[in-house]
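[1] No sequence on hand, only this structure:
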């Protein structure tokens with residue numbers, strides 16, 4: 001399974017970066033092949049200063065070795081080895097009318113000292129973070145996500161959408177990071193669903209990413225904007241950074257397993273503002289976004 005999923009994310013990375021380069025029309029992804037001294041490595045691809053994408057990364061990795069003590073404590077295990085592979089992407093467009101997007105699909109195995117698998121699971125999801133709220137865009141993103149889930153169970157979209165709303169919550173701000181999507185973790189084999197079934201589900205969602213995001217980019221990338229719109233985008237990017245550095249488990253795992261810091265922090269936007277005690281004007285489009293982030297909404 002680990003070889004099968006790693007082959008899948010290699011192909012998915014190629015598909016996504018190729019499509020995004022064609023949309024941008026100017027910038028290309030630079031590639032960085034790296035190795036982890038404890039075992040494994042990855043392929044980082046970054047796009048910067050393009051016509052559409054100010055900064056973005058689409059990274060894959062496959063790492064293995066001794067499970068660090070901090071992670072043993074987290075999983076409540078002792079004396080284990082691990083393997084983890086996944087694809088992680090974040091795209092920060094220049095135009096404030098185009099939302100930031102994040103997606104991640106991953107697979108994890110844990111072994112005893114005899115090399116026997118003692119645990120294995122999939123995780124992942126995709127979520128949208130707009131700066132200006134176009135409700136039809138959010139509905140489209142959620143509709144595609146729902147359509148990706150439905151063949152595997154009619155309740156999955158509702159469950160994983162609710163998980164996303166809970167997970168991407170900036171509790172110190174009492175607001176969501178964005179307008180959600182899907183989030184699932186620790187998907188393990190059961191009597192009703194074997195590992196192959198879970199693989200099929202996760203890859204089906206992964207294959208839906210471009211369909212969910214690209215039409216939004218195409219619709220909004222040429223819209224006019226002002227420096228005021230840009231200031232608001234950078235203020236909201238600050239909230240994005242806060243979540244990733246304060247709450248995100250993926251960032252924590254990467255740092256605790258001696259991951260590659262450049263790849264872990266790839267998700268951080270290049271231009272950010274933190275204005276003291278900033279509040280948007282009553283009745284403004286900026287306030288409309290804030291109101292939408294105060295409590296999760298059913299988009300489809």
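    Looks like it arrived, so ask away. As the structure is a prediction and not an experimental result, all values here were calculated from the model. Numbering: from 1, shown residues only.

[2] What are the boundaries of the helices in the stretch 51-200 of the chain?
    Per DSSP state H, counting those that start in this stretch, the stretch 51-200 of the chain carries helices over the ranges 69-75, 135-149, 156-167, 195-220.

[3] Compile those into a markdown table and extend it with columns for mean pLDDT, distance to residue 126 and mean neighbour count.
    C-betas here are computed from N, CA, C, even on glycine. What follows is those, written out as a markdown table (pLDDT from 0 to 100; distance: least, C-beta to C-beta, whole Å; neighbours: other C-beta atoms under 10 Å):
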| stretch | mean pLDDT | distance to residue 126 | mean neighbour count |
| --- | --- | --- | --- |
| helix 69-75 | 80 | 24 | 13 |
| helix 135-149 | 98 | 7 | 20 |
| helix 156-167 | 98 | 9 | 18 |
| helix 195-220 | 98 | 6 | 19 |
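
[4] give me the low-pLDDT residue ranges for the protein?
    Scanning the chain for pLDDT under 70 picks out the ranges 257-258.

[5] Centroid-wise, who is the farthest residue in it?
    Among residues of the chain, the one most distant from the C-alpha centroid is residue 114; the distance is 33.9 Å, by C-alpha atoms, centre = their mean.

[6] Ramachandran coordinates for that one?
    The phi/psi pair for residue 114 (degrees, to the nearest 10) reads phi -90, psi 0.

[7] any idea how far residue 79 is from it?
    11 Å (C-beta to C-beta, to the nearest Å).

[8] quick one, what contacts residue 136?
    Going by C-beta atoms under 8 Å, 6 or more residues apart in numbering, residue 136 touches no other residue.

[9] Rebuild the helices of the stretch 51-200 of the chain as TSV, extending it with distance to residue 23.
    Putting the helices of the stretch 51-200 of the chain into TSV (distance: least, C-beta to C-beta, whole Å) gives the following:
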stretch	distance to residue 23
helix 69-75	37
helix 135-149	15
helix 156-167	25
helix 195-220	6
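
[10] Indicate which one of those is closest to residue 285.
    Judged by C-beta to C-beta, the one of the helices of the stretch 51-200 of the chain that comes nearest to residue 285 is helix 135-149, at 12.0 Å.
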